[in-house]
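J.: pasting the structure only:
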DNA sequence: AGTATCGTTGGGGCC
DNA sequence: GGGCCCCAACGATAC
């Protein structure tokens, strides 16, 4: 089923159900729900399925709540407002529609497994009650169903193959401007609304983290940026103003040991975008700082959380970036490494995810290599809790747990270490940890990247293993990143900061960090462990080849 | 059909 | 410090 963006707008009394796309600009579901409506109620449903720290970590939940507050402000500026309901969507939405005699409901199409089940249940309940339902594509540049139609059965498994589909699709739709005035909402009476939500949940409005049962976050915790459309667009435009930087952007040469510097949300200073930090640290206002200071400027855009929640439209990103490229007269980097290339990776994973059964599992997933991963709770806990004894890995895991964000290559390093590089633990376990802790966790991208890194799909050069010692050293010789996240290593000489177990005992003592006492000894011998991993994957690949050969013979015999 | 080439992001040694 | 090659060798694709 494909829903073209040109489909008729919903009429009468409408309800716009926000999930992602937490924005008023370029929001097809919002446009369809408001264009011909006599009255419209924007709604977000806090679903108990998501509202638990084991599924959505505090950092992402806070970013979501901030984004909802901003969305409410945007709607209020247009004569409307956001109603936040608590409960299961298939229960609370039909109840709300009945109470307010809603004619139709619009929402943004979502390919995630839970969303598909949820949306089908909501649609069933609403349609039985005579309420029309409209799903519009909006989270991706293109309608994934339209792309799948062009794939003739199987989506491409290579990035280059994906571009053949992109060529067939043409340019993505131009963004839709935010409307200046929205139809009036009908949940305006607080008493009436409270009566509605009573019996469904015990709260109304946008709650705080604590309301939802989360522990409050400390000053140095969380993504260093406020959630929401306003801040997302502001950061996007700060980036777009750096035309030279955009033209030169090459993802593989960005630096995974860069970090946000000293930015807290509760402090006096407002968190800044990477581009403001860069400007503030160089006299001439460009990003050409070097040495120690350069490590305190994230080398990528850090827009991913805003993309995950749809605070920023991918089509706005695409078209405004295209305009900058035009100004650069073709003198700019190209996919896959360019900035546009990054946006296209996102699109690629969405297409493959939408067209692959069991995309988020190893078993029953046709594109995923079957590998006998270990399920070792103890090793996994060491990885997850930053206790591997490898400072670079533990520092990155600390940043992940504390801030909910990691540079892409740091994600590579820890994912490789957990799976095919050292511990040989199932990628689904690592996927779950990222899915919980990352502020930008996006189902299609997260699963795709874990399969990539574990050599389960897309990428198969398993003998190329990231070293938990050498890799970060290339970027950050003195280990400043490691010292920041693991203060126990603050005084370790640079020579040993990536492998403190090699330091003579008197050096360890002098640094105040005795391995095995103050900081864990390495849980594996990297050299031996990685060799074993390579052998084990080679064996699994060979078994796959044999199985395919047998299957091929059978096919031939039956012809 | 068989072969060459390529693939966003490896490490280590050498010059 | 950057460029080059080798390590041992993957799958998908183009020809």
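T.: Nice, I can see it. Nothing here was measured: the structure is a model prediction, and the numbers come from that model.
J.: give the contact list for residue A:418.
T.: A:380, A:383, A:425, A:427, A:429, A:430 (CB atoms under 8 Å, 6 or more residues apart in numbering). Every C-beta, even on glycine, is put in place using the N, C-alpha and C of the backbone.
J.: can you do 10 Å?
T.: By CB atoms under 10 Å, 6 or more residues apart in numbering, the residues touching residue A:418 are A:373, A:379-380, A:382-384, A:388, A:393, A:397, A:424-427, A:429-431, A:433, A:450, A:453-454.
J.: Leaving out sequence neighbours, find the closest residue to it.
T.: Nearest non-adjacent residue to residue A:418, counting by CB to CB, 6 or more residues apart in numbering: residue A:430, 4.7 Å away.
J.: Equivalent analysis for residue A:134, please.
T.: Closest residue to residue A:134 apart from its sequence neighbours, by CB to CB, 6+ apart: residue A:106 at 4.5 Å.
J.: Which pLDDT value belongs to the one you found?
T.: pLDDT recorded at residue A:106 is 98.
J.: and it, helix, strand or coil?
T.: strand (DSSP: H, G, I helix; E, B strand; the rest coil).
J.: Bridged to it, which residues?
T.: Counting by DSSP bridges, residue A:106 is bridged to residue A:16, residue A:134.
J.: Could you give the number of residues near it?
T.: Residues lying near residue A:106 (other CB atoms under 10 Å) number 25.
J.: Same check on residue A:375?
T.: The number of residues packed near residue A:375 is 10, by other CB under 10 Å.
J.: One more: residue A:536?
T.: 17.
J.: again, but for residue A:474
T.: Neighbours of residue A:474 (other CB under 10 Å): 11.
J.: Pretty sure residue A:255 is one of the things it touches, is it not?
T.: Yes - Residue A:474 is within contact range of residue A:255, at 9.3 Å (criterion: CB atoms under 10 Å).
J.: residues contacting residue A:520?
T.: Contacts of residue A:520 (CB under 10 Å, 6+ apart): A:382, A:386, A:387, A:388, A:389, A:390, A:394, A:500, A:501.
J.: looking at it, the second one is touching residue A:399, isn't it?
T.: Yes - applying CB under 10 Å, one finds residue A:386 in contact with residue A:399, separated by 9.1 Å.
J.: Which helix in chain A has the most residues?
T.: Among the segments of chain A that qualify as a helix by DSSP state H, the longest is helix A:526-558.
J.: what residues are up against the residue of the stretch 101-250 of chain A found nearest DNA strand C?
T.: DNA strand C sits closest to residue A:161 of the stretch 101-250 of chain A, with a gap of 4.3 Å, by CB to the nearest atom of the strand. By CB under 10 Å, 6+ apart, residue A:161 lies in contact with A:151, A:154, A:155, A:348.
J.: Could you dump the residues you listed into CSV with pLDDT added?
T.: Converted to CSV, the contacts of residue A:161 look like this (pLDDT from 0 to 100):
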residue, pLDDT
A:151, 93
A:154, 90
A:155, 95
A:348, 98
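J.: Just the pLDDT for the residue in the stretch 1-150 of chain A that DNA strand B sits nearest to.
T.: With CB to the nearest atom of the strand, the shortest gap between the stretch 1-150 of chain A and DNA strand B falls at residue A:141, namely 15.8 Å. Residue A:141 is assigned a pLDDT of 98 by the prediction.
J.: Tell me which two in the contacts of residue A:161 are the farthest apart.
T.: Greatest spacing in those, by CB to CB: A:154 and A:348 (13.9 Å).
J.: The two: which is more packed in?
T.: Shown here are residue A:154 and residue A:348; by other CB under 10 Å, residue A:348 has more neighbours (28 against 13).
J.: Just give me the neighbour total for the nearest residue to the more buried one once chain neighbours are set aside.
T.: The shortest distance from residue A:348 to any residue other than its chain neighbours is 4.5 Å, reached at residue A:162 (CB to CB, 6+ apart). For residue A:162, the count of nearby residues is 23 (other CB under 10 Å).
J.: residues in contact with residue A:162?
T.: Contacts for residue A:162 were tallied using CB under 10 Å, 6+ apart; they are A:147, A:151, A:155-156, A:335-336, A:344-345, A:347-349, A:351-352.
J.: Tell me the secondary structure at it.
T.: Going by three-state DSSP: residue A:162 is helix.
J.: Contact residues of chain A facing DNA strand C?
T.: Residues of chain A lying close to DNA strand C (CB under 7 Å from any atom of the strand) are A:156-158, A:160-161, A:460-463, A:538, A:541, A:544-545.
J.: Restricted to buried residues, select these in ChimeraX.
T.: For the buried members of the residues of chain A next to DNA strand C, the matching ChimeraX selection, counting by 16 or more other CB atoms under 10 Å, is:
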select /A:156,462,541
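J.: could you redo the residues of chain A next to DNA strand C as CSV and give each row pLDDT?
T.: Below are those laid out as CSV (pLDDT from 0 to 100):
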residue, pLDDT
A:156, 96
A:157, 95
A:158, 96
A:160, 94
A:161, 95
A:460, 97
A:461, 96
A:462, 97
A:463, 95
A:538, 96
A:541, 95
A:544, 87
A:545, 83
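J.: how close does the closest residue to residue A:12 other than its chain neighbours get to residue A:45?
T.: Leaving aside its sequence neighbours, residue A:12 sits nearest to residue A:103 (CB to CB, 6+ apart; 3.5 Å). Here the criterion is CB to CB, to the nearest Å. By it, residue A:103 lies 19 Å from residue A:45.
J.: okay, these two: which has more neighbours?
T.: More crowded of residue A:103 and residue A:45, by other CB under 10 Å: residue A:45, with 25 against 18.
J.: just checking, that one is part of a strand?
T.: Yes - under three-state DSSP, residue A:45 falls within a strand.
J.: That one touches residue A:92, doesn't it?
T.: Yes - applying CB under 10 Å, one finds residue A:45 in contact with residue A:92, separated by 5.9 Å.
J.: sorry, back to before: which ones among the contacts of residue A:161 are found in helices?
T.: Short answer: the contacts of residue A:161 in helices (DSSP H) are residue A:348.
J.: what's the residue in the stretch 101-250 of chain A positioned nearest to DNA strand B in contact with, if anything?
T.: Relative to DNA strand B, the nearest point of the stretch 101-250 of chain A is residue A:159 (3.9 Å; CB to the nearest atom of the strand). Residues counted as contacts of residue A:159 (CB under 10 Å, 6+ apart) are A:335, A:336, A:341, A:344, A:345, A:348, A:458.
J.: Which of these sits closest to residue A:177?
T.: Closest to residue A:177, out of all of these and judged by CB to CB, is residue A:344, at 24.6 Å.
J.: now the nearest residue to the closest one once chain neighbours are set aside, what's its secondary structure?
T.: Of all residues not flanking residue A:344 in the chain, residue A:335 sits nearest, at 5.5 Å (CB to CB, 6+ apart). Three-state assignment for residue A:335 (three-state DSSP): coil.
J.: For residue A:335, what are phi and psi?
T.: phi -60, psi 150 (degrees, to the nearest 10).
J.: do you know how far residue A:543 is from residue A:464?
T.: Residue A:543 sits 21 Å away from residue A:464, taking CB to CB as the criterion.
J.: now residue A:20
T.: Residue A:20 is 34 Å from residue A:464, by CB to CB.
J.: Counting neighbours, go ahead and name the busier of those two.
T.: Set side by side, residue A:20 and residue A:464 show more neighbours around residue A:20, with 21 against 12, by other CB under 10 Å.
J.: excluding its backbone neighbours, what's nearest that one?
T.: Distance criterion CB to CB, 6+ apart; nearest residue to residue A:20, sequence neighbours excluded, is residue A:310 at 4.1 Å.
J.: my guess is residue A:399 meets residue A:413, correct?
T.: No - if you go by CB under 10 Å, residue A:399 and residue A:413 don't touch, sitting 11.5 Å apart.
J.: shared neighbours, the two?
T.: Going by CB under 10 Å, 6+ apart, residues that sit against residue A:399 and also against residue A:413 are A:406, A:407.
J.: The two: which has the busier surroundings?
T.: Neighbour tally, residue A:399 and residue A:413, criterion other CB under 10 Å: the higher count belongs to residue A:413, 24 against 21.
J.: Before I go, just wanted to say thanks for your time.
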